[in-house]
Structure formats: structure tokens, C-alpha cells
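Trainee: fold the following.
(2 chains)
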Amino acid sequence: MIAYFISFLIIGLPICWAEWTMGRHGGQRGFNSSPGIFNAIWKHPAAKYLGIIGVIIPVVIYMYYVYIEAWCLGYAVNFLAGNLEFDSPVQSARWWDTFIGVNENGSALKSFGLEQVGIYLLLAFVLNFILIYRGVSKGIELFCKIAVPTLVLLAIVILVRVLTLGAPQANQPDESVANGLGFMWNPTKHILYVGAEADAGQFEIREIVDRTRIAEIEKAAGKAVPFRLVTQPVSKGEMEGLSEEQIAELVPPRTLEAQLIPDGDWVHIMTYRGSAAAIDPKDDDESIAEELTSILAATGGAPQVKLEKIGIAEQLMSPELWLAAAGQIFFSLSVGFGVIIVYSSYMRKRDDVVLSGLSATSANEFCEVCLGGMITVPAAVAFIGVAGLAGVGLGSFDLGFKVLPLVFSEMNIGDQAGMGNLFGFLWFFLLFLAAVTSSISMLQPGIAFIEETLRLDRKRSSALLGLITALGCGFIVYFSGGIKALDTLDFWVGTFLLFVLATIQIILFGWVFGIKRGFEEAHTGAAIRIPGIYRVIMKYITPVFLIVIFVLWVLTSVFGVSLTGGDAKLSGYIVDLFVEPNHVAWISIGLVALLFIFFALIVSGVQRYKTFHKEDA
Amino acid sequence: MTTGGWIVLIISVGTVLTLFGWCMIKVMTTPDEADHLKGVTDHTPDE
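Mentor: Next comes the predicted model:
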């Protein structure tokens, strides 16, 4: 969280203020799209072409974002219909796979039933375009005025429910909300290792967050501690819907337990959830379980435990942490998307950009830190534990669509029957509302670009953008196998181009527009002043920080260089393109390139961009 | 959860709440500030 807050101060706020200021400046000169605004700020023929990135990003992200939006709506409806009662992560993951069509290209569009994504996608797509067609004020703003307070209210209701869960399963006292909060907020990370007597650091098991458990393991460290692997039966839920052959392939989950205190309780350390490779391969867990079994057998059930502490300073030295924090800031504040710059272009000359920008970012932070962050992980840990969470995955889709439905299913147990479905519906409907507010905001830059460059009215611009995004979205949904198209576009556009655009924007503000002029422009009509230190931050620190992070990101995520001294391994995204060419990955990149060429051809013909600086002089 | 965890949680959430609350109060109490924010009565050039 320290890296996150530092990133907020030196990336989030500076880019936010730069976007608001440059957007209003461009708007005052009659430009409402990124190419027009960039061209108005930088007197160079390349400016308008760089601005195209600010149109590509929201348009392409919209193409897959509306698909994810449809998942949220589908989950909300299916919770209401009582179709989502899972008793294992495998079952939950399998429902998600079938719902969105992960197993086979085109499978998501084969039928339009309640448990397929197709109908929800259609509804979400139409809703977005109705809202965008109505305009910024009557559509987008009116919807947000109703939806945002509603989602905050829903989030508060769910937050109260989650924070009062305690330890919902009496036989699993470690699986509690407090430990969920510890997983997120403990400044020092405690990693438990188990291994043979000669090398206790042989297997990293998981992070330990509970204060009492940490003390117990510290006492037990270096001593031979009794362990046992308990094989559990495969649950009925995991077998549901599977053929006999698939059931035969299922590996029963095994629980590793340790007796940390002599003659004390057996403490649950980790659950290994084996399954058929075709459904949910967990090779690493499987191999760990196998090797642990052999160690337990060889040492008479007495390997050692080791607890490694990773302090704050050590964590802050990790480039991966900064990369993750910066990426999170881009998404949570919507900076570097090419969206804020367009909306601020509609402001009047003396409308406040400094307080507006700060208010918008603080509201985003409130929703992310105080609401979202306090709900998702604590709820997941309360029901499936830190070990269970690690077993399913911590990715956005894993947590949101595989773990949380399981959490809500668990809430249905006993006298709480039906409550899980209600809270599941509320949560996913909340996500749907939040996603709609984001997706409609992503359409406006495209509309503004078409209106400005092709001189079309809103109706025709909406229709043209609707056609472009429908084709793109159709491609992404059709190639749903392994979510390859979505994943490729999210990496190259939703991450790579975001870094590029954010860096261009802050350099434009600090070095082309000029810090002195930029601050004067920002302070016009402002109720508060940007602290003087931000002159240095916005001119030097933010661009350098972004470039360093970007280079590290390219090295680690694109070329697979290990910053901790391990072997370099090419990223899957590079492998998909150049090593083992994947046609879906290539078509995805081709789609972006085609859009860029199309937009560049349009931009090259706009006379106003060419004559602006002559007129302005 | 450790004591350090509780401290980090309280400081982080407290900072965000304070910043958000301060912004809201500033917007509400600064004279004419509401006029400087975009409202549903305003229109974009294409409306």
C-alpha cells in the first residue's frame, strides 16, 4: 500500500491535473478529441498522430470491457435465479468457463440462455449506446448521477455484512475477516516454508497473516514438527456435470496439516486441490503435494518449518511491486486512458480543474481503498482462507468471478439460506453499474473524435462507433477460447499503450506546454492551488519515474527478464506473436493496427489541424 | 492480522477518508464552486 500511495502522489495526481488542464485548454480552442488537443498544444505534425493513441485506448478497451460488463450482469441475474450455489473453486471456475466460453472459440455465442453470456452482452451493448446517444449531459451524466450513489450504497451494505462475518466457519478459525484484512494490510510479510530437515526452505507454502499463528510458527521454526497429509473425498459439486471419464481423472483434494505446538491442535497449512488437467491444471501444487508426501514418508512425518520475514524496505526494493502499483493507479484513476482529457475539454474557461481533479481522484480512492479493497479479499479469506485464495489465483478474473461467487454460495449455509444469493446479486449488480459508468465514459472519446474529424452529428457518430465497436467486440467474444483475444488486447492496449500515453501526456504538459504556463492555466478559476513541489514532480519526477517503470515493465513482462537473477523467459505475449505464432493474437494486433491506420487516414485529412497554428499565431 | 497491519489500515483508510471528506467540504463551502463544476443543465457542443 505504501508503493500504491507513493504512485498515487507522483503518478496519479500529476497526470490527472495535466489531463484536466490540457483538455480544458484544447476545448477552449474548439477541440474535443485527443488528436485535436495534442495538436493544439504541440505545434508539430506528429502531435495529432500521437493523439490517436488517446482514441485507440478507450475504443479498444470498450470492446472487451462491455464483454466483462455482461459477465457482471449475467452473474447478478443467475444469483437472483439461484443458479450459482457452488461448493468448490473447481465448480465455480467451471461455471465461469462455460458461461463466457473459455473452452472453445464461438461457444459463448452458441445459445442465448440464462447461463450463457450472449443475451447479457446484447443488453449491455444496447444500454451503452442508448446512454451515449443521449449525449454527455442527458445520458452519461444523468446515468452516473443515479448509478454512482446507488453503487456506493450497495457497497456500504455489503461492506457492513462482510466486516461483521468474523470467522464464519467454526472449524476454521484462521479463515476470518481479520486475517483477510491482515493479508492486505500487514506491513511485514511472513512466508511459511516447509521442507526436509536439511533444507526447511524447500517449499514455499503460503503467507501467514494471523498474529497468533505467526507466534506459534516462530516458536516451532527450526524444530521437527509433525505434519500429515489428509486426503479428502471429492465433493458432489465438483463431480456435477462431468462424464465418468472426467470424474475418474479428478484428484481428491489433500490437506497438509501441522502440529505446531506439542500435543496441540492440527493446524491447517494448505489444501491441494487436484483436478483433471483439462479442467483446472494445478501442476505446481500437485508436484509440491507429491514431493511433500515423499518427504513425510522418508522423515517419519517430521520435516521442519521456516518463517521468512519480508519487511517494508525489502518489499519496496521490488520492481514488480512498483509496476503493479503504477498499473493499479492507471486503472483506478482512469489516467492515461484518453478519457479525462476529452471530458475536461467540455469545461468552460473558468471551471475549476484543480479541485475537480482532486475530488474525482479522492472519490476513486475512497471507492477502491475504503469499499472495494475492504470487501473482496477479506470476504474471500473469511470463507476459503489465504491458502484457498492462493490455490484459485489472485488475478482480477480469478478473484471476481471464481472466488467471490464461492464466497456468496458459502453465505447460503444454515440459517443464512438465501442470503448469499441476495448479496451475490447485489455485489454483481453493483459491479455492473460501476462497469457501465466506465464503459460509457470510454465511448465519448471515440464519438468526439468522429464528430470533430468527419464533421458528423452525434447520431451518425454514435452509429459509426457502434459499428466499429460491435465488430471488435464480436471478434473478442467469438475468440473466447482461453480468452486469448481479450487477454492479448488487454496486455498490448490496456497496459502497454496506457504507459505510452501517460508518459506522452506528462511530457507534453511539463516540457511542451511548459510547467509555468501549465500551472497558470490550471489555476485559472481554481479554488485551491497545486502545491509548488508539483512543479518539480510534474516536470522531472513523474516522467522519469514513468519511463523507468515502463522500461522495467517491458523487460519483465514483455521480454521476461528476471529482475531477481533468474533465467530470462520470453513473455507469453511475445511467444504468441513471434515464437509460436497464434492467429488470434495476430488478428488482435492486426485489429489495433487497422484502427490506427483508419484513424490516421482520417486525421491526415483534417484541414483544421493543419491550419490551427497559423490561425492561432 | 498483526498490530502493524491494523496501524497501516487505520492510517491508509483514515488518509483517504480525510482527503475525500476535505474535497467534498471544499466543493460545498467554496462560494460559487458549484457553478464551476459541470451540471446536467450544461450541454456539450453536439447536443
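
Trainee: assign the residue in chain B that chain A sits nearest to to helix, strand or coil.
Mentor: For chain B and chain A, the shortest gap (C-beta to the nearest C-beta) falls at B:Met1, measuring 3.1 Å. Just so you know, the C-beta spots here come from the backbone N, C-alpha and C atoms, and that holds for glycine as well. Per DSSP: H, G, I helix; E, B strand; the rest coil, the secondary structure class of B:Met1 is coil.

Trainee: contacting residues for it?
Mentor: Neighbouring residues of B:Met1 by C-beta atoms under 8 Å, 6 or more residues apart in numbering or on different chains: A:178-179, A:181-182, A:185-186, A:209-211.

Trainee: I'd like the residues you listed as TSV, with secondary structure appended.
Mentor: Shown next, in TSV, are the contacts of B:Met1 (three-state DSSP):
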residue	secondary structure
A:Ala178	helix
A:Asn179	helix
A:Leu181	helix
A:Gly182	helix
A:Trp185	helix
A:Asn186	coil
A:Val209	coil
A:Asp210	coil
A:Arg211	helix
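
Trainee: the strands in the stretch 201-350 of chain A, which residues?
Mentor: For the stretch 201-350 of chain A, the strands defined by DSSP state E, counting those that start in this stretch occupy A:227-231, A:254-258, A:267-272, A:304-310.

Trainee: elements contacting the second one?
Mentor: If I follow you right, that is strand A:254-258. Secondary-structure packing of strand A:254-258 (3 or more C-beta pairs under 8 Å, 6 or more residues apart in numbering or on different chains; DSSP states H and E): strand A:227-231, strand A:267-272, helix A:283-298.

Trainee: dump the C-alpha coordinates for that strand into CSV.
Mentor: What follows is strand A:254-258, C-alpha atoms only, in CSV (Å, rounded to 0.1, in the frame of the first residue of the first chain):
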residue,chain,number,x,y,z
ARG,A,254,-5.3,-33.1,0.1
THR,A,255,-4.9,-31.1,3.2
LEU,A,256,-1.5,-30.5,4.7
GLU,A,257,-1.8,-30.1,8.5
ALA,A,258,0.9,-29.5,11.1
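
Trainee: ok now do A:Leu316, which residues does it touch?
Mentor: In this structure, A:Leu316 makes contact with A:2-3, judged by C-beta under 8 Å, 6+ apart.

Trainee: next one: it from chain B, what distance?
Mentor: Noted for A:Leu316: a distance of 13 Å to chain B, by C-beta to the nearest C-beta, to the nearest Å.

Trainee: A:Thr495: neighbour count?
Mentor: When counting by other C-beta atoms under 10 Å in any protein chain shown, one arrives at 18 neighbours for A:Thr495.

Trainee: once you drop chain neighbours, what's closest to it?
Mentor: Leaving aside its chain neighbours, A:Thr495 sits nearest to A:Gly327 (6.5 Å; criterion: C-beta to C-beta, 6 or more residues apart in numbering or on different chains).

Trainee: just to revisit the earlier point, reformat the contacts of B:Met1 as CSV; add pLDDT, distance to A:Val477 and neighbour count.
Mentor: As requested, the contacts of B:Met1 are arranged in CSV below (pLDDT from 0 to 100; distance: C-beta to C-beta, whole Å; neighbours: other C-beta atoms under 10 Å in any protein chain shown):
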residue, pLDDT, distance to A:Val477, neighbour count
A:Ala178, 91, 41, 21
A:Asn179, 89, 38, 25
A:Leu181, 92, 37, 23
A:Gly182, 91, 39, 26
A:Trp185, 90, 38, 25
A:Asn186, 91, 40, 24
A:Val209, 87, 39, 26
A:Asp210, 86, 43, 22
A:Arg211, 87, 47, 19
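
Trainee: so, low pLDDT: which residues of the stretch 101-250 of chain A?
Mentor: Filtered on pLDDT under 70, the stretch 101-250 of chain A yields the residue ranges A:196-204, A:235, A:237-238.

Trainee: excluding chain neighbours, give the residue nearest to whichever residue of it sits closest to chain B in space.
Mentor: Nearest residue of the stretch 101-250 of chain A to chain B: A:Gly182, at 3.1 Å (C-beta to the nearest C-beta). The shortest distance from A:Gly182 to any non-neighbouring residue, by C-beta to C-beta, 6+ apart, is to B:Met1 (3.1 Å).

Trainee: how far away is that neighbour from A:Ala502?
Mentor: From B:Met1 across to A:Ala502, the span is 34 Å (C-beta to C-beta, to the nearest Å).

Trainee: and the helices in chain B?
Mentor: Counting by DSSP state H, one finds helices in chain B at the ranges B:3-29.

Trainee: check the secondary structure at A:Cys505 for me.
Mentor: Just so we're on the same page, residue A:505 is Gln rather than Cys. Secondary structure, three-state DSSP: A:Gln505 is helix.

Trainee: that one contacts A:Gly336, doesn't it?
Mentor: Yes - with contact defined as C-beta atoms under 8 Å, A:Gln505 and A:Gly336 form a contacting pair (6.7 Å).

Trainee: then A:Gly74 would be within a strand, right?
Mentor: No - when three-state DSSP is applied, A:Gly74 is found to be helix, with no strand at that position.

Trainee: and A:Tyr261, what are its phi and psi?
Mentor: Heads up, residue A:261 is Ile, not Tyr. The phi/psi pair for A:Ile261 (degrees, to the nearest 10) reads phi -110, psi 130.

Trainee: could you check the pLDDT of it?
Mentor: We have a pLDDT of 78 for A:Ile261.

Trainee: residues contacting it?
Mentor: A:216, A:219-220.

Trainee: ok, now A:Phe183?
Mentor: Counting by C-beta under 8 Å, 6+ apart, A:Phe183 has contacts A:207, A:209, A:377-378, A:381, A:386, A:389.

Trainee: can you list the domain ranges for chain A.
Mentor: For chain A, automatic domain parsing gives the domain ranges A:2-162+A:315-607, A:188-310.

Trainee: is chain B contacted by the helix or strand hosting A:Met442?
Mentor: A:Met442 is part of helix A:419-454 when elements are defined by DSSP states H and E. Yes - applying C-beta under 8 Å from any C-beta of the partner chain, one finds helix A:419-454 touching chain B at A:447, A:451.

Trainee: so how far is that helix off the chain centroid?
Mentor: Distance of helix A:419-454 from the chain centroid (C-alpha atoms, centre = their mean, to the nearest Å) equals 15 Å.
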